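Trainee: coords please:
(one chain, ligands or ions: 1)
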Amino acid sequence: MVLTLPVDHQDTDESDPIQIFYATETGTSQDIAFSVYRHLRLHHLPSVTPLSFSEFDPVSLPLLSGPVLFIVSTTGNGEPTRDIRSLWSMLMRKDLPEDVLDEVRFSVFGLGDSGYERFNWAGKILRRRLLALGAEELIRDKEWWGDERSSGGRILTPEFYPSSLPPDPLPPTHLFPPTMRASLGPLSDLSSRTQSIDLSNDWPGRDAYGQTNLPDDGEGWMPGKLVRFDRMTDEDWPQDVRQVEIDTEPGLIYSPGSIVQLVPSNPPSSVDRFLALQPHLPSPSTLLTYQAEPTPNSGSADLQSVNSPSSHLKDLTFTLYALLRDHLDLTAVPRRSFFLWLRLFATDPREVERLDEFLDVNEGGDDIYDYSTKPRRMLLEVLSDFKGIKIPLDYLPEVLGRIRRREFSIAGSSTTHPGKIQLCIAMVNYKTSLKVPRAGLLTSWLRSLPLGSSCPIRVVSGTMTVPQNPKVPIILVGPGTGVAPLRAFLEHRLLEKAYDNTLYFGCRSLSKDYLYESDWMRMEKAGGLRLRVAASRDQEDKIYVQHLIKQDAHILYTKLTEENAHVYISGSSNAMPRAVRAALLFCLMEIGKMTEDEGKRYMEQMEEEGRLCEECWS
Ligand SMILES: Cc1cc2nc3c(=O)[nH]c(=O)nc-3n(C[C@H](O)[C@H](O)[C@H](O)COP(=O)(O)OP(=O)(O)OC[C@H]3O[C@@H](n4cnc5c(N)ncnc54)[C@H](O)[C@@H]3O)c2cc1C
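Mentor: Numbering: from 1, shown residues only. Model prediction:
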């Protein structure tokens, strides 16, 4: 689909730059935000570099003066993404005056998956709430809900209403100056901190963090040390799941359902390959410092670079090698904006032609999807196919972007495991149509760490919280590694002497991938767990957790409707969460004789009351 940019340039003047905020889980909204921003700049419209909601202080929302475009993804069954949650909590407060946002002029563009009932829910709720608080929608009677499922929905390019286009746009291949410039050698007049020069072939890097040994983005990282990396699945089983333990600050307290973020480094082989493909770059041992570059549209160098996705690199000094190993993403599956960058630097006519085909809006994005998204072709592999393209040093942070942090549910209670973080991590290895098998960056990096290595962590809250009242029954559904946060719930509940706990665990075979078996046995023996295990491949007919839920319809109906039970669903966001919800609906209809509508309404009410929660990932 084509995004018609919902901001009419007549609504703006030179002093009113258009601001773009994005909420993203996988990077799609960010990609769109940057292409909209570029489009605005090509049309000479004043705008500010798109900002993630995670970097936005919600209390400043009423003060935004120019037109604001919110690009908002919905995850799971209608959940807002994690980065927008502090704005969410602020906006949902009941004590806000009805006119608190009457200075704000906005449009919301949502992105979602029409396979879910609550398609684009986060965007729709945001729009409704902004209107209720007095904000003015810039173009009314029109909704912008993108669908990731439709083939055209993979590409979202901005198209202005012809009547509102300012005249004489710059050509589509115009190259704007970089947001930062690299100075070679440390700058004595900056308070820069030189990171240690490490040219060894070691993986991890991360010792490059110098004195603090922590990522230097001011986002609350804590020291961690990897102390355990034990295989949990049978040695001859293809799926490799690990029990990971990280020692951290002794007093750290986290609630059940919390998430830990980890950030990997690139392997030396990837750095070497990148350097071989980009021979124009200086020697890997060269010291670099990136500094903000003022641009005409942002006015201020600081504002521009603070908003840039690579702003965490500003004023730090490191070697080119450390920059590529520890900061910039060499292995992501590139999105449309990366191909646009390549087009801006392409000079070889055959490469130009191929990139123009990729970027052709009329093709609906299918070429990029078939070439890189579907087979999960990495950025480095794309660069190998476009050998003529040389990315200038100044642009490296913008073009490559930052290594994405990965999230994992904490698999234990901080009271049971003081000073430790326990995780249950599936190693990411799979095949696609490409010859070389795919491997996850973080899980490969973890595997490469000797025990005792530094492994910085950041703890954030998750979407699921345990009920305060220990008398309330809980029903936990977690196949595979989805059981990780549920183990934390159970450990916490047993400490609280809350014994009405039911766990539906799913695996393929009891003898191969039955995770935490001894823990469940112990909890069952202590009278604190009713355990139901679906081992899908241990018999001819596959049995999954949803089948066991249906078998238990009587018990579950009573717990849901008479005992106010809370339900938690966790794990892979493929077909599982929907199948589990359908099984719960079955219980309500079969035993409670509810109609389908009544059952769905009952479940919606459970969600509103926080009694039906999901933490699922792709
Ligand atoms: C809130 C939250 C909690 C999580 N908790 C856990 C947890 O407790 N345990 C756990 O193991 N994981 C968990 N995950 C998932 C985990 O964060 C990802 O698997 C992570 O990306 C792995 O990092 P990686 O760098 O090794 O893989 P990446 O390099 O990030 O690659 C992972 C990506 O590869 C793709 N992929 C993986 N397998 C296939 C396949 N067969 N075919 C095609 N594409 C594929 C998917 O797009 C996937 O997102 C959680 C995720 C979230 C958001």
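Trainee: run through who's touching the longest helix anywhere in the chain.
Mentor: Ranked by residue count, the top helix of the chain under DSSP state H comes out as helix 576-592. With contact meaning C-beta atoms under 8 Å, 6 or more residues apart in numbering, helix 576-592 is reached by 76-77, 116, 477, 479, 482, 506, 544-547, 549-550, 552-554, 556-557, 560-561, 567, 569, 571, 594-596, 598-600, 602-603, 612, 614, 616. For every residue, glycine as well, the C-beta is placed using N, CA and C.
Trainee: hmm, which of those are the buried ones?
Mentor: Taking 16 or more other C-beta atoms under 10 Å as the criterion, what is buried in the contacts of helix 576-592 is 76-77, 116, 477, 479, 482, 506, 544-547, 549, 552-553, 556-557, 560-561, 567, 569, 571, 594, 599-600, 602-603, 612, 614, 616.
Trainee: show me those residues that map onto strands.
Mentor: Applying DSSP state E to the buried ones among the contacts of helix 576-592, the entries found in strands are 477, 479, 506, 567, 569, 571, 612, 614, 616.
Trainee: would you format these as a markdown table with distance to the ligand and pLDDT included?
Mentor: Below are these laid out as a markdown table (distance: C-beta to the nearest ligand atom, whole Å; pLDDT from 0 to 100):
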| residue | distance to the ligand | pLDDT |
| --- | --- | --- |
| 477 | 15 | 98 |
| 479 | 12 | 98 |
| 506 | 14 | 97 |
| 567 | 18 | 98 |
| 569 | 13 | 97 |
| 571 | 8 | 96 |
| 612 | 17 | 96 |
| 614 | 10 | 92 |
| 616 | 8 | 91 |
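Trainee: which helix or strand in this structure has the lowest average pLDDT?
Mentor: Ranked by mean pLDDT, DSSP states H and E, the weakest helix or strand in the chain is helix 301-307, scoring a mean of 41.
Trainee: please list the residues of the chain that sit near the ligand.
Mentor: 259, 376, 406-409, 424-426, 428, 430, 440-443, 481, 484, 615, 617-618 (C-beta under 6 Å from any ligand atom).
Trainee: any of those buried? List them.
Mentor: Buried subset of the residues of the chain next to the ligand (neighbour count, 16+ other C-beta under 10 Å): 259, 406-409, 424-426, 440-443, 481, 484, 615, 617.
Trainee: now residue 536. Nearest residue, chain neighbours left out?
Mentor: Leaving aside its sequence neighbours, residue 536 sits nearest to residue 542 (C-beta to C-beta, 6 or more residues apart in numbering; 4.6 Å).
Trainee: rewinding a little: just how off-centre is the longest helix of the chain within its chain?
Mentor: Per C-alpha atoms, centre = their mean, to the nearest Å, the displacement of helix 576-592 from the mean C-alpha position of its chain is 29 Å.
Trainee: buried residues, that helix. List them.
Mentor: 576-581, 583-589, 591.
Trainee: point me to the residue of the stretch 51-200 of the chain nearest the ligand.
Mentor: Proximity of the stretch 51-200 of the chain to the ligand (C-beta to the nearest ligand atom) peaks at residue 82, 7.5 Å away.
Trainee: now for residue 467: which residues touch it?
Mentor: Residue 467 sits in contact with 474, 566, where contact means C-beta under 8 Å, 6+ apart.
Trainee: and the gap between it and residue 179?
Mentor: Distance of residue 467 to residue 179, given as C-beta to C-beta, to the nearest Å: 46 Å.
Trainee: ditto for residue 255
Mentor: 38 Å.
Trainee: more neighbours, these two?
Mentor: Neighbours were counted for residue 255 and for residue 179 using other C-beta atoms under 10 Å; residue 179 has more, 26 against 17.
Trainee: partners of residue 460 in the sheet?
Mentor: residue 259 (DSSP bridges).
Trainee: give me the pLDDT for it.
Mentor: Looking at residue 460, its pLDDT stands at 91.
Trainee: ok, it - how many residues close by?
Mentor: 16.
Trainee: neighbours of residue 147, just the number please.
Mentor: The burial count for residue 147: 18, using other C-beta under 10 Å.
Trainee: ignore the last one, residue 418
Mentor: Residue 418 has 11 neighbours, counted by other C-beta under 10 Å.
Trainee: for it, which residues are in contact?
Mentor: residue 250.
Trainee: next, residue 128: secondary structure please.
Mentor: The three-state label given to residue 128 by DSSP: H, G, I helix; E, B strand; the rest coil is helix.
Trainee: check what pLDDT it gets.
Mentor: 91.
Trainee: then residue 186?
Mentor: pLDDT at residue 186 comes out at 60.
Trainee: state the distance from the closest residue to the ligand within the chain to residue 375.
Mentor: Closest to the ligand within the chain is residue 440: 2.0 Å, counting by C-beta to the nearest ligand atom. Here residue 440 is placed at a distance of 16 Å from residue 375 (C-beta to C-beta).
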